[in-house]
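Chemist: sequence? don't have it. structure:
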């Protein structure tokens, strides 16, 4: 009786299948059920779990390669009885017109990475009768002729943690419609997908739902991120008791905090994802700001429909959104231009140079500010709370002298010029304090936003650029030093006094000489860039960049990096700056000689040829082939023959002496070995390749090439 009873029970239950790609070290199939008897819409019960390896061998298909293990499936917990918002931080109720201060349009018909068929246009998005409406049109029915809409809050509204909720009326969910409410990491432009992280709060119209005939009830939620260079996805789908295509609005919500993310449809939980470091060791993507997206796609991988002939949904179709809301869960932080435009500047009354009653009275010229503060304090406010209310909200013009502190973005002091620069505009420090207090950002993040993005003219005298994300110094950036102080010398001096490179850079480029040195905040010689032909072409003058670097190393004891900075950033920025970080090194140690920097003046594509040969040869072999055998005249400056001083009877003092016609090569080698503690090989390379290649370069002659056919 047990088996028939189980079958009957299964018929009474609404099934859903949970597919998890790369959640465990092996793929698996998990089937669970929602009990209709007990009326617990979130009570999904595990029926069985199987290792998919067995089915792969049985059916002859491959589920996919296993990825590194990620967190185990969390146990379901009771869903809340209400999705009501207790602390609303932000919402768009769509009661007026489309708010372009909040939303931006995604436009185009490029498949969007999912082989989608629609073209996103601005015309397919509108606000009417209190709803956002995204319309899908069919055009002439060819691939790419469908039109739809997609909007996002990128840069305008970003959120870390919080209860994010939308009330949505679905389009008719026949084959091909793919409505979605989701988020992407705010660093999407910098790191790309999936490294930015993605949270799919709601998706409908999947191929599985089409196949099972549950397209009107089946809702998916998913998470995508990167683990050890691989894309990882964790998704669950639930078949709801009610038809979501009933013409009514339904509420889709995610509850996201620092430990887990849960998603719900009409208070039925779809997914519960543990994002703690213990459970998910590489889930940093879900502890950083995300922006919101709403769209309706046509076809694509998710639907399993990749051609217009498979679209059966009646068109035009519309998805209507009544509202989008973000509610505070105690950890929620909001940022972005839309948030900042909604509130007034606040003031920091709890910091040094405290905003006291006397301070405000002195500023106002009478006692009205202090009296107002006292009135608020009599209602139970602390002095700080009362001060914030009076000076930051009620009477900022009359009483707003609160805590005009030194703008400190990681630099110890700001100059008078930095503080004076704020006189014509907003109070920079007050704005920074507000962002820290209201949005939960760090001081550095707030400083970068205020001084670098919002008010660069007023507040940019102190750290006008982003010191958290140093950029590569371009030739133009280095050349910007020409009309002012020598930026790099000042940076190097501060480093010699104990500052870190970043601290010294901030001090020079952000505080002391922002006009002269601000174009290049970090001279980073530790991240080499490839020297291209165009770069080498610019070095065709008379400057011997590498020789000067070598001289500084040998005569002053500088490290190679310090000497490089001195030559490329200070002394010969025009001549040596384009290729100062690390000259072209084709796999041969210290093979960047004067010739490397001075040849290739005609733009011959030596590097391209080397890269082509590297498809079948190691870099050093390809370099020697091009520079020594094929194109010695055009490319001979790149990677001359290897000076192998480690082989007996190769590059020794005696060998050099015999070849030098009396030039004291050996003496110089011996001197370098004694004074700089170089090995014989290092000293030999220095003398024969860098310093005295004409007199001492007899070491390791070019490769001997034997040609056939009489050539």
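Modeler: Right, received. Where do you want to start? All figures in this text were calculated on a predicted structure; none of them were measured in a lab. Numbering: from 1, shown residues only.
Chemist: so where is the stretch 551-700 of the chain shaky, pLDDT-wise?
Modeler: 551-552, 560-609, 620-664, 689-695, 697-700 (pLDDT under 70).
Chemist: hmm, 80 instead?
Modeler: Within the stretch 551-700 of the chain, the set of residues satisfying pLDDT under 80 comprises 551-672, 674-676, 678-700.
Chemist: likewise the stretch 1-150 of the chain?
Modeler: Those would be 1-86, 139-144, if you go by pLDDT under 80 across the stretch 1-150 of the chain.
Chemist: cool, and the stretch 151-300 of the chain?
Modeler: Ranges of the stretch 151-300 of the chain meeting pLDDT under 80: 229.
Chemist: now the strands: where do they sit in it?
Modeler: Per DSSP state E, counting those that start in this stretch, the stretch 151-300 of the chain carries strands over the ranges 158-160, 162-169, 177-185, 198-203, 218-227, 230-239, 250-256, 260-265, 268-274, 290-298.
Chemist: Point out the other elements, helices or strands, that the shortest one touches.
Modeler: Packing partners of strand 158-160 (3 or more CB pairs under 8 Å, 6 or more residues apart in numbering; DSSP states H and E): strand 290-298, strand 333-335. Where C-beta positions appear, they are placed from N, C-alpha and C, glycine not excepted.
Chemist: ditto for the last one
Modeler: The helices and strands touching strand 290-298, judged by 3+ CB pairs under 8 Å, 6+ apart, are strand 118-120, strand 131-136, strand 146-148, strand 150-152, strand 158-160, strand 177-185, strand 317-327.
Chemist: Mind doing that once more with 6 Å?
Modeler: strand 150-152, strand 177-185 (3 or more CB pairs under 6 Å, 6 or more residues apart in numbering; DSSP states H and E).
Chemist: Sort out which residues of the first one are buried, please.
Modeler: Taking 16 or more other CB atoms under 10 Å as the neighbour-count basis, strand 150-152 is seen to contain the buried residues 150-152.
Chemist: Which single one of those is nearest to residue 208?
Modeler: Nearest to residue 208, judged by CB to CB, of the buried residues of strand 150-152 is residue 150 at 23.2 Å.
Chemist: which one is the closest one nearest to, not counting chain neighbours?
Modeler: residue 295 (3.4 Å; CB to CB, 6 or more residues apart in numbering).
Chemist: Next one: that neighbour from residue 107, what distance?
Modeler: Residue 295 is 12 Å from residue 107, where distance means CB to CB, to the nearest Å.
Chemist: Could you do residue 256 as well?
Modeler: Taken as CB to CB, the span from residue 256 to residue 107 is 28 Å.
Chemist: Settle it for me: which of the two has more neighbours?
Modeler: Using other CB atoms under 10 Å, the more surrounded residue of residue 256 and residue 107 is residue 256, with 27 against 12.
Chemist: Tell me the spacing between the more buried one and residue 205.
Modeler: From residue 256 to residue 205 the distance is 24 Å (CB to CB).
Chemist: what do you get for residue 86?
Modeler: Distance from residue 86 to residue 205, by CB to CB: 33 Å.
Chemist: Those two: who's more crowded?
Modeler: residue 205 (30 against 9).
Chemist: OK, contacts around that one?
Modeler: 173, 177-178, 303 (CB atoms under 6 Å, 6 or more residues apart in numbering).
Chemist: at 8 Å instead, please
Modeler: Residue 205 sits next to 173, 175-179, 215, 302-303 when contact means CB atoms under 8 Å, 6 or more residues apart in numbering.
Chemist: Tabulate the strands of the stretch 151-300 of the chain (CSV), appending distance to residue 321.
Modeler: CSV is the format used below for the strands of the stretch 151-300 of the chain (distance: least, CB to CB, whole Å):
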stretch, distance to residue 321
strand 158-160, 17
strand 162-169, 5
strand 177-185, 8
strand 198-203, 11
strand 218-227, 16
strand 230-239, 21
strand 250-256, 10
strand 260-265, 15
strand 268-274, 19
strand 290-298, 6
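Chemist: Compare the ones you listed and report which one is nearest to residue 334.
Modeler: strand 158-160 (5.5 Å).
Chemist: can you list contacts of the closest one?
Modeler: Residues contacting strand 158-160 (CB under 8 Å, 6+ apart): 183, 186, 287-292, 326, 331-336, 440.
Chemist: Domain-wise, how is the protein divided?
Modeler: 2-59, 88-337, 341-459 (automatic domain parsing).
Chemist: quick one, phi/psi of the nearest residue to residue 679 once chain neighbours are set aside?
Modeler: Excluding its sequence neighbours, the residue lying closest to residue 679 (CB to CB, 6+ apart) is residue 673, at 7.2 Å. Here is the backbone geometry of residue 673 (degrees, to the nearest 10): phi -70, psi -40.
Chemist: how about residue 673, what does it touch?
Modeler: Residues near residue 673 by CB under 8 Å, 6+ apart: 679-680, 683.
Chemist: Turn these into JSON lines, including neighbour count.
Modeler: Listed next are the contacts of residue 673 as JSON lines, based on neighbours: other CB atoms under 10 Å:
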{"residue": "679", "neighbour count": "12"}
{"residue": "680", "neighbour count": "16"}
{"residue": "683", "neighbour count": "24"}
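Chemist: Could I get these in CSV, plus columns for secondary structure and distance to residue 263?
Modeler: Output for those, formatted as CSV (DSSP: H, G, I helix; E, B strand; the rest coil; distance: CB to CB, whole Å):
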residue, secondary structure, distance to residue 263
679, coil, 63
680, helix, 68
683, helix, 67
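Chemist: Now tabulate those residues in a markdown table and tack on distance to residue 313.
Modeler: As requested, these are exported to a markdown table (distance: CB to CB, whole Å):
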| residue | distance to residue 313 |
| --- | --- |
| 679 | 74 |
| 680 | 78 |
| 683 | 77 |
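Chemist: how close does residue 265 sit to residue 113?
Modeler: The spacing between residue 265 and residue 113, counted by CB to CB, is 25 Å.
Chemist: Neighbour count for those two, which is higher?
Modeler: residue 265 (24 against 9).
Chemist: before we move on, back to that, can you tell me how far the residue nearest to residue 679 sits from residue 554?
Modeler: Look at residue 673 and residue 554: by CB to CB, they are 12 Å apart.
Chemist: got it, and residue 217?
Modeler: For residue 217, the distance to residue 554 equals 78 Å [CB to CB].
Chemist: now do residue 615
Modeler: Using CB to CB, one gets 39 Å for the distance from residue 615 to residue 554.
Chemist: more crowded one of these two?
Modeler: Taking neighbours as other CB under 10 Å, residue 615 and residue 554 compare with residue 554 leading, 19 against 7.
Chemist: In contact with that one, which residues?
Modeler: 672, 676, 686.
Chemist: which among the residues you listed gets closest to residue 382?
Modeler: residue 676 (65.3 Å).
Chemist: give the contact list for that closest one.
Modeler: Here residue 676 is in contact with 554, 557, 683 (CB under 8 Å, 6+ apart).
Chemist: could you say which helix or strand contains residue 670?
Modeler: helix 665-675 (DSSP states H and E).
Chemist: Buried residues in that helix, which are they?
Modeler: 665-666, 668-669, 672-673.
Chemist: What residues are bridge-paired with residue 333?
Modeler: residue 160 (DSSP bridges).
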